[in-house]
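J.: missing the sequence, but the structure's below:
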């Protein structure tokens, strides 16, 4: 057991478990990733071929970290690994990347090619707007965003268009949704494309309706691990169940107290009912926390114990007691931002690295006042969510590659047809896709043919050359690089982003060209907000509490702790459901448990929301914290009144 000597008793018990269903309830900071990776190592040491092991989590960042740790462990113990999911490597990825992996192999079942396009959120949104417009609907009355949200929730609950139409009957708005949905699906089929939700839903449909394919994957992956199981929705739950099959060698890892995504379909009952769903399941509790101080954990335990829909657990640690929780009381959001900025400046001046500090908020609009203060006070910061793959020049190059591999992707062709300008307008483009180029003028025909020839060259290059060389080729052959050599600061930045893209692409060069370019396009499309965090950037991190899930920082500021903001205002709209109330409390628990060393909580008596100045009561969550753990601080410098809490 030398390879498991670093684990505690409960972690080791989980790592040694082999046959049958296993539920690991892993509290925040209790070393669940270490437990999972050592469980995979132990399976391999016991003779399980690595390619029979599957591990699925929710974010690219989490999957990448787990993969790196598994690779390091296997290599350390004499098992060679490569970049490919072959004999020497388990499959470790997200639910979406698993769906892509399976669907690429069986694309023909859905009338697709293996190079089918995956629409990112912007492209899917554009198609949805087009579908609403084509139905003759007023987008102000029938919001494409709202309709897209309904469709996404239905797909996440394993409901197809046909089932939705059958179930809703003649109800007015659902009939509108089904008509838009049908046209949207037609557009997807036209472009040989799938959206994010399709990647999992169609994989489930494939496995359900094709017993031979289902048995093949059940036979391939004998040991299945699902991380963050509390965040699974209906279709993800079903995918895990189908792959587990009758052997039920499934290991679910998660924490119901960190279920914060019900608004996008996550069902906390999936983890609460695991022992019922998988007969004979063994349950192991991980409660020893290695992240936070005793004070932070005492506060976290006190906050979450008020919830009733949960599995009982109590985090503890051998770490030091640590500092008290600072409660900063402010007059308004400007004062709050200045008070936080001052404390951060003090931390930095005393030797704290800026990147070890995080500022969390319940809603994105709160970042504005904080950013203004940080700029004035010269506090370096990075707002989570400015994604590398969302930059225009990066998206243009990716669209050229996607269109080259799948010329029927109208969304990609529309994006690049005039980037840089080549004299092809909407009318010409329409005739190009209608295969009616003979009706164009000779000059327009020539431009159209040159464009198709360019895509053909890119495709030919993509299938034989390394991915990094492909990026260089596309940037030069399309004229993008030349168009940015104007000398302006903005163009220089864009050029640097393209050069960074070449560097990023080198990590795929180890793979065969066709597989490499598919993996690059997949990773780019499925990139999450957390992927935008730049490692080692000397800046304070700013993000919503939802975006902070899975991250940790020595110093954490949780802002805007006011009633109707955190817990969120939707809590006070009419009768509050128990589910919604408990989820807001879980969200606060997640915020608290991001902190390793010191936690700051703040609120403002007055805040401007939607242009209206509002007087706010402090959050009810603050009354759950015993005064022995708190030190009160005033964030005001001008005798402004503050609504304080009295216990």
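T.: Nice, I can see it. Predicted model, so just to flag it, every value in this text is computed and none were measured.
J.: where in the stretch 301-450 of the chain is pLDDT low?
T.: Within the stretch 301-450 of the chain, the ranges that satisfy pLDDT under 70 run 385-388.
J.: Strands of that one, start to end?
T.: 325-332, 357-361, 381-383 (DSSP state E, counting those that start in this stretch).
J.: List the pairing partners of the shortest one within its sheet, with orientation.
T.: Strands flanking strand 381-383 in the sheet, each with its direction: strand 540-544 (parallel) (DSSP bridges).
J.: what sits up against the helix or strand just after the partner strand?
T.: Later in the chain than strand 540-544, the nearest helix or strand by DSSP states H and E is helix 545-548. Helix 545-548 is contacted from outside by 260-261, 358, 360-362, 384-385, 529-530, 558, 587-588, 590-591, 594, using C-beta atoms under 8 Å, 6 or more residues apart in numbering. From N, CA and C alone the C-beta is placed, and that goes for glycine too.
J.: if we can go back for a sec, would you turn the strands of the stretch 301-450 of the chain into JSON lines with mean neighbour count and distance to residue 286?
T.: Converted to JSON lines, those look like this (neighbours: other C-beta atoms under 10 Å; distance: least, C-beta to C-beta, whole Å):
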{"stretch": "strand 325-332", "mean neighbour count": "22", "distance to residue 286": "24"}
{"stretch": "strand 357-361", "mean neighbour count": "25", "distance to residue 286": "24"}
{"stretch": "strand 381-383", "mean neighbour count": "19", "distance to residue 286": "31"}
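J.: one step back: now, which of the contacts of helix 545-548 sits nearest residue 565?
T.: residue 362 (5.8 Å; C-beta to C-beta).
J.: residues contacting the closest residue to residue 397 other than its chain neighbours?
T.: In space, residue 397 comes closest to residue 474 once its chain neighbours are excluded; the distance is 5.2 Å by C-beta to C-beta, 6 or more residues apart in numbering. Contact partners of residue 474, counting by C-beta under 8 Å, 6+ apart, are 397, 400, 401, 458, 480.
J.: Now a PyMOL select for only the buried ones of those.
T.: Remark: buried members of the contacts of residue 474, expressed as a PyMOL selection using 16 or more other C-beta atoms under 10 Å:
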select buried, resi 397+400+401+458+480
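J.: What are the boundaries of the strands in the stretch 151-300 of the chain?
T.: Under the criterion DSSP E, counting those that start in this stretch, the stretch 151-300 of the chain contains strands at 193-194, 223-226, 250-254, 282-286.
J.: Between these, which one is closest to residue 421.
T.: Within the strands of the stretch 151-300 of the chain, the stretch nearest residue 421 is strand 193-194; the backing value is 25.7 Å (C-beta to C-beta).
J.: Flag every buried residue along the biggest helix by length in the chain.
T.: When the chain is parsed with DSSP state H, its longest helix is helix 442-462. The neighbour-count check on helix 442-462 (16+ other C-beta under 10 Å) flags 444, 445, 447, 448, 451, 454, 455, 458, 459, 461, 462 as buried.
J.: Could you list every helix and strand in contact with that helix?
T.: helix 392-405, helix 426-433, helix 467-477, helix 513-525 (3 or more C-beta pairs under 8 Å, 6 or more residues apart in numbering; DSSP states H and E).
J.: tilt between the second one and helix 442-462?
T.: Same thing as helix 426-433. 60 degrees (axes from the mean of the first three to the mean of the last three C-alpha atoms, to 10 degrees).
J.: mind starting the numbering at 42 from now?
T.: Okay, using 42 as the starting number, the last item reads as helix 467-474.
J.: How far away from the center of its chain is helix 467-474?
T.: 36 Å (C-alpha atoms, centre = their mean, to the nearest Å).
J.: So which residues make contact with the lowest-mean-pLDDT helix or strand in the chain?
T.: Lowest by mean pLDDT, DSSP states H and E among the helices and strands of the chain is helix 530-546, with a mean of 78. Outside helix 530-546, the residues within contact range by C-beta under 8 Å, 6+ apart are 429, 432-435, 438, 508-509, 511-513, 516, 521-522, 525-526, 561.
J.: Could you list the low-pLDDT ranges of the protein?
T.: 122-129, 426-429, 527-530, 569-577, 611-617, 651-652, 677-688.
J.: residue at max distance from the center of it?
T.: In the chain, the residue that sits farthest from the middle, by C-alpha atoms, centre = their mean, is residue 483; the gap is 47.8 Å.
J.: what's the closest residue to residue 158 other than its chain neighbours in contact with, if anything?
T.: Nearest non-adjacent residue to residue 158, counting by C-beta to C-beta, 6+ apart: residue 234, 3.9 Å away. Counting by C-beta under 8 Å, 6+ apart, residue 234 touches 157, 158, 159, 160, 447, 450, 452.
J.: I'd say the fourth one and residue 236 touch.
T.: Yes: contact criterion C-beta atoms under 8 Å: residue 160 and residue 236 qualify, at 4.8 Å.
J.: shared neighbours of those two, anything?
T.: residue 229.
J.: if I look at the nearest residue to residue 423 once chain neighbours are set aside, how far off is residue 397?
T.: In this structure, residue 423 finds its nearest non-sequential neighbour in residue 580, 4.2 Å apart by C-beta to C-beta, 6+ apart. Separation of residue 580 from residue 397 (C-beta to C-beta, to the nearest Å): 11 Å.
J.: for residue 452, same thing?
T.: Applying C-beta to C-beta to residue 452 and residue 397 gives a distance of 41 Å.
J.: Of the two, which one has the most company?
T.: Neighbour comparison, residue 452 and residue 397: the larger count goes to residue 452, with 23 against 17 (by other C-beta atoms under 10 Å).
J.: mind giving me the domain split of this structure?
T.: If you go by the TED database, the domain ranges for the chain are 43-144+242-329, 158-232, 337-427+576-675, 430-571.
J.: Let me have those domains in TSV, extended by distance to residue 152.
T.: Shown next, in TSV, are the domains of the chain (distance: least, C-beta to C-beta, whole Å):
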stretch	distance to residue 152
domain 43-144+242-329	11
domain 158-232	7
domain 337-427+576-675	35
domain 430-571	11
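J.: Any idea how many residues pack against the spatially closest residue to residue 425 that is not a sequence neighbour?
T.: Nearest residue to residue 425, sequence neighbours excluded (C-beta to C-beta, 6+ apart): residue 584, at 3.7 Å. If you count neighbours by other C-beta under 10 Å, residue 584 ends up with 24.
J.: what sits opposite residue 584 in the beta ladder?
T.: Beta-bridge partners, per DSSP bridges, of residue 584: residue 401.
J.: That one contacts residue 399, doesn't it?
T.: Yes: using C-beta under 8 Å, residue 584 is in contact with residue 399, at 7.0 Å.
J.: so how far is residue 564 from residue 77?
T.: 22 Å.
J.: between these two, who's got more neighbours?
T.: residue 77 (25 against 19).
J.: Just the element for the more buried one, please.
T.: Going by DSSP H and E, residue 77 is part of helix 73-86.
J.: tell me which residues of the helix or strand following that helix are tucked away?
T.: Counting by DSSP H and E, the next helix or strand C-terminal to helix 73-86 is strand 94-98. By neighbour count on 16+ other C-beta under 10 Å, the buried set for strand 94-98 is 94, 95, 96, 97, 98.
J.: again, but for stretch 348-367
T.: 348, 351, 354, 356, 358, 360, 363, 365, 366, 367.
J.: Closest one of those residues to residue 325?
T.: residue 354 (11.2 Å).
J.: This completes my enquiry, with thanks.
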